[in-house]
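# generate coordinates for the sequence data below:
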Amino acid sequence: MDESEEIIRAKAVKLILEGKAEDAIRLLSQYYKIVAPNIRIGLPRGHRNVYACYIPGKKTIYIRSSREYRDPYIVLHEYYHHLRSFSGKHRGTEKYANKYALESIKFYIRYMKLIEESV
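Just a heads-up that it's a prediction; the model follows:
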């Protein structure tokens, strides 16, 4: 049975909260049928004043520290940039990356409430 995008994104949030950002990125990339980006802790030169960044040429998400690595908003925001750049569509603005991350967190909250109600 195929899972909806909403459930996949909710599961990705859960994985990130558990410290499994790479697994979350792989899950999302399998769903979208694209190559998963690399994730590295530590920012590249010239990006010291941000929590994370995505470098399209390296297909890599760089995250400041292990704290941000477990933050679904930060990881999914940067993943959105990968998704947009990889798909050949528009590069994706900050506004849409923010929306993607926030919606994913809302899906997770909804998903967790459904699980609670079924217990």
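# tell me the contacts of the nearest residue to residue 42 once chain neighbours are set aside?
Excluding the flanking residues, the one nearest residue 42 by CB to CB, 6 or more residues apart in numbering is residue 62, at 6.7 Å. All C-beta atoms are positioned from the backbone trio N, CA, C, and that covers glycine. Residues in contact with residue 62, defined by CB atoms under 8 Å, 6 or more residues apart in numbering, are 40-44, 47, 52-55.
# neighbour-wise, give me the winner out of the residues you listed.
Using other CB atoms under 10 Å as the neighbour definition, those reach their maximum at residue 52, which records 24 neighbours.
# picking up where we left off before, which one of the contacts of residue 62 is nearest to residue 76?
Proximity of the contacts of residue 62 to residue 76 (CB to CB) peaks at residue 52, which lies at 10.3 Å.
# could you check how far the closest residue to residue 111 other than its chain neighbours is from residue 105?
In space, and not counting its chain neighbours, residue 111 is closest to residue 10: 3.7 Å by CB to CB, 6+ apart. Note on residue 10: its distance to residue 105, by CB to CB, to the nearest Å, is 9 Å.
# what does residue 95 give?
Plainly put, residue 95 is 16 Å away from residue 105 if you go by CB to CB.
# neighbour count: these two, which is higher?
Each of residue 95 and residue 105 has its neighbours counted (other CB under 10 Å); residue 105 has more, 17 against 8.
# and the contacts of the helix or strand hosting residue 80?
Remark: residue 80 resides in helix 72-87, with elements defined by DSSP states H and E. Outside helix 72-87, the residues that touch it by CB under 8 Å, 6+ apart are 9, 12-13, 16-17, 21, 24-25, 28, 32, 34-35, 37, 39, 51-54, 56, 59, 61, 63, 68-69, 90-92, 96-98, 100-102, 104-105, 108.
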